[in-house]
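*Asks:* structure, please.
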Amino acid sequence: MKLTTINKMKKTTCTIGILLGLLFFSAPAFAGDSGVVNVSARVLGRLSQTFVQQQATLNLNPEDIAKGYIDVPAATVMTVNTNAREGYFLHVGMQNLIREVVVTVNGRSVEVSNGGGMVRQPGSNLKQKTLQISYRLYLTDGIVAGTYAWPVSISASLI
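*Replies:* Sure thing, here's the model as predicted:
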């Protein structure tokens, strides 16, 4: 057997033992008496993320600089696995190359400025969700055409 299976069996056996002990000590001592045992459980939230695709560089040409922004569709594709009913946050960070970014996640857009921010994602019954993330990057003044390292970071966390 795998070590994880053995550990799960140990945890299950321990849990059953504790519950039986609680029932034994809370059982009525006299015939005809009755007792009530309340048991509750709290499931802790968990979240994991996997990047399927992430843009590595940003290529700026003179036309982009003249417009003052560049659209980068589907620059990030990631999967988020969570059991959090209340949803989760996407943390957006940006380098000095960008003064503001509009982040579009699966068709829903949010403006993030001043170096970064958080975008709340609603909870759902799905444990795994694929996010397709597009960006409109508003460029800082004085930037020149060229190839730059990707200027936006993104990560997910529980609320």
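
*Asks:* what are the boundaries of the helices in the chain?
*Replies:* 3-26, 62-67 (DSSP state H).

*Asks:* pick out the shakiest of these, pLDDT-wise.
*Replies:* Ranked by mean pLDDT, the helices of the chain end with helix 3-26 in last place, scoring a mean of 53.

*Asks:* now do the buried residues in the strand ranked longest in the chain.
*Replies:* When secondary structure is assigned using DSSP state E, the longest strand within the chain turns out to be strand 69-82. Neighbour-count burial for strand 69-82, counted by 16 or more other CB atoms under 10 Å, picks out 69-70, 72, 75-76, 78, 80, 82. Placement of C-beta: from N, CA and C, glycine included.

*Asks:* would you agree Thr104 is in contact with Val119?
*Replies:* No: no contact is recorded between Thr104 and Val119 when judged using CB atoms under 8 Å, the distance being 9.9 Å.

*Asks:* can you list residues touching both of these two?
*Replies:* Counting by CB atoms under 8 Å, 6 or more residues apart in numbering, the contacts common to Thr104 and Val119 are Val110.

*Asks:* okay, and the helix or strand of the protein with the least pLDDT?
*Replies:* Within the chain, confidence by mean pLDDT, DSSP states H and E is lowest for helix 3-26 among all helices and strands, at a mean of 53.

*Asks:* state the mean pLDDT of the longest strand of the chain.
*Replies:* 94.

*Asks:* just the closest of the buried residues of strand 69-82 to Ser153, please.
*Replies:* Proximity of these to Ser153, judged by CB to CB, is greatest for Thr76, which lies at 9.7 Å.

*Asks:* tell me what that closest one is bridged to.
*Replies:* Thr76 forms beta bridges with Gln54, Ile133, as assigned by DSSP bridges.

*Asks:* ok, it - contacts?
*Replies:* Residues in contact with Thr76 (CB under 8 Å, 6+ apart) are 51, 53-55, 131-133, 135, 154.

*Asks:* what's the mean pLDDT across stretch 107-120?
*Replies:* For stretch 107-120, the mean per-residue pLDDT is 86.

*Asks:* now Arg46: how far from Ser157?
*Replies:* In this structure, Arg46 and Ser157 are 11 Å apart, going by CB to CB, to the nearest Å.

*Asks:* which residues are in contact with both of those two?
*Replies:* Common neighbours of Arg46 and Ser157 (criterion: CB under 8 Å, 6+ apart): none identified.
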